[in-house]
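Asker: Take this sequence and fold it.
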Amino acid sequence: MTIGQRGQPWQITRLGDAQVICANGEWRLALPAASGAKYHDAQISDYNTARDFQNAPPLRLSLNARFEGELRGTAGFGFWNHAFVPGERRIRLPQALWFFYSSPPGNIALAKGLPGQGWKAATFNARNWRFLGLLPLAPLGCLLMRSRLMYDALWDFGQRALGVHEVLLDAALLRDYHSYSIDWRADGAIFRVNGTEVLTADSVPGARLGFVAWVDNQYAIVSPQGRFGHGTLAVPQRQSLHIRDLRIALL
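Answerer: Just a heads-up that it's a prediction; the model follows:
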């Protein structure tokens, strides 16, 4: 087991044919070329299967990262509450602050005016009083959102209730090493790429979350209109996430 920045052991996950290697100060999370018949996940995290999350504001996550290959599935790094794992029946209301990539046909379209795919800085906080208060009305809300007029009029409120803040990043960033950071405070978060602020969020989770970095071959479909789906994708060629200079420290 490799020891993390604050003394805790990094938890290494290799599902399917995934590979996780740490050498010369660099983490390499990789999937070989494979069919979509099963789930593959290369991951490091700072919590175990009991979800003993260690991270709470105020803190800063910083690292340098790059990707290789034609990414098929999802990938990224940041903090979350381990809301969903393929094969598990229990789904937690999701909370996250992270840099997140999703390929087609994945479509998590919760930020108004932004596509549901691509490389993003994003937050999500479904475990707050606004969303919990609206939850009993979710079936009716999904039906209303299928009207473009109602979506335009009402989804801003739904997005705020979900604590969704997103910005689409340049996909060219994926190919070379760049620096990423998240400053997470009790009253908000600031995301930076190469030292430049790219997203400020004023509604963020306040509970403890786990750090995760991963690359996998799954996709998810989630829309305000009530369209949901998930599955696994074929990986046409080796794809990987490379990370170095990973630090989690108190602000």
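Asker: Surely residue 160 touches residue 130?
Answerer: Yes: with contact defined as CB atoms under 8 Å, residue 160 counts as touching residue 130 (6.8 Å). Backbone N, C-alpha and C define where each C-beta goes, glycine included.
Asker: all helices of the stretch 101-250 of the chain, in order?
Answerer: 129-134, 138-145, 148-161 (DSSP state H, counting those that start in this stretch).
Asker: Just the CA trace of the longest one, in CSV.
Answerer: Spelled out, that is helix 148-161. Only the C-alpha atoms of helix 148-161 are listed here, as CSV (Å, rounded to 0.1, in the frame of the first residue of the first chain):
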residue,chain,number,x,y,z
ARG,A,148,-38.9,23.8,-23.4
LEU,A,149,-40.8,26.7,-22.0
MET,A,150,-41.0,25.2,-18.5
TYR,A,151,-37.4,24.1,-18.7
ASP,A,152,-36.2,27.7,-19.5
ALA,A,153,-38.4,29.1,-16.8
LEU,A,154,-37.8,26.7,-14.0
TRP,A,155,-34.5,24.8,-14.4
ASP,A,156,-32.4,27.6,-12.9
PHE,A,157,-34.1,26.9,-9.6
GLY,A,158,-33.7,23.1,-10.0
GLN,A,159,-30.0,23.6,-10.8
ARG,A,160,-29.5,25.7,-7.6
ALA,A,161,-31.4,23.1,-5.6
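Asker: Show me what it is packed up against.
Answerer: Applying 3 or more CB pairs under 8 Å, 6 or more residues apart in numbering; DSSP states H and E, we find helix 148-161 packed against helix 129-134, helix 138-145.
Asker: which helices and strands does the longest one pack with?
Answerer: Where contact means 3+ CB pairs under 8 Å, 6+ apart, helix 138-145 is packed against helix 148-161.
Asker: quick one: the strands in the stretch 151-251 of the chain?
Answerer: Remark: strands assigned in the stretch 151-251 of the chain by DSSP state E, counting those that start in this stretch are 165-168, 178-185, 188-193, 196-201, 210-216, 218-222, 228-232, 239-250.
Asker: Switch those strands over to CSV, and while doing so, append mean pLDDT to every line.
Answerer: Converted to CSV, these look like this (pLDDT from 0 to 100):
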stretch, mean pLDDT
strand 165-168, 97
strand 178-185, 98
strand 188-193, 97
strand 196-201, 97
strand 210-216, 97
strand 218-222, 95
strand 228-232, 92
strand 239-250, 96
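Asker: sorry, back to before: who wins for proximity to residue 170 among the helices of the stretch 101-250 of the chain?
Answerer: Closest to residue 170 of the helices of the stretch 101-250 of the chain, according to CB to CB: helix 148-161, at 22.9 Å.
Asker: what pLDDT, on average, does that closest one get?
Answerer: Mean pLDDT, helix 148-161: 90.
Asker: again, but for stretch 113-124
Answerer: For stretch 113-124, mean pLDDT is 96.
Asker: which ones are touching residue 190?
Answerer: By CB atoms under 8 Å, 6 or more residues apart in numbering, the contact set of residue 190 is 182-183, 197, 199-201.
Asker: try 6 Å this time
Answerer: The contact partners of residue 190, taken as CB atoms under 6 Å, 6 or more residues apart in numbering, are 183, 197, 200.
Asker: Same question for residue 38.
Answerer: Residue 38 sits next to residue 16 when contact means CB under 6 Å, 6+ apart.
Asker: which stretch of helix or strand covers it?
Answerer: Applying DSSP states H and E as the criterion places residue 38 outside every helix and strand.
Asker: can you tell me how far it sits from residue 231?
Answerer: Using CB to CB, to the nearest Å, residue 38 is found at 11 Å from residue 231.
Asker: for residue 185, same thing?
Answerer: As for residue 185, its distance to residue 231 is 37 Å (criterion: CB to CB).
Asker: likewise residue 10?
Answerer: Remark: distance between residue 10 and residue 231 (CB to CB) = 29 Å.
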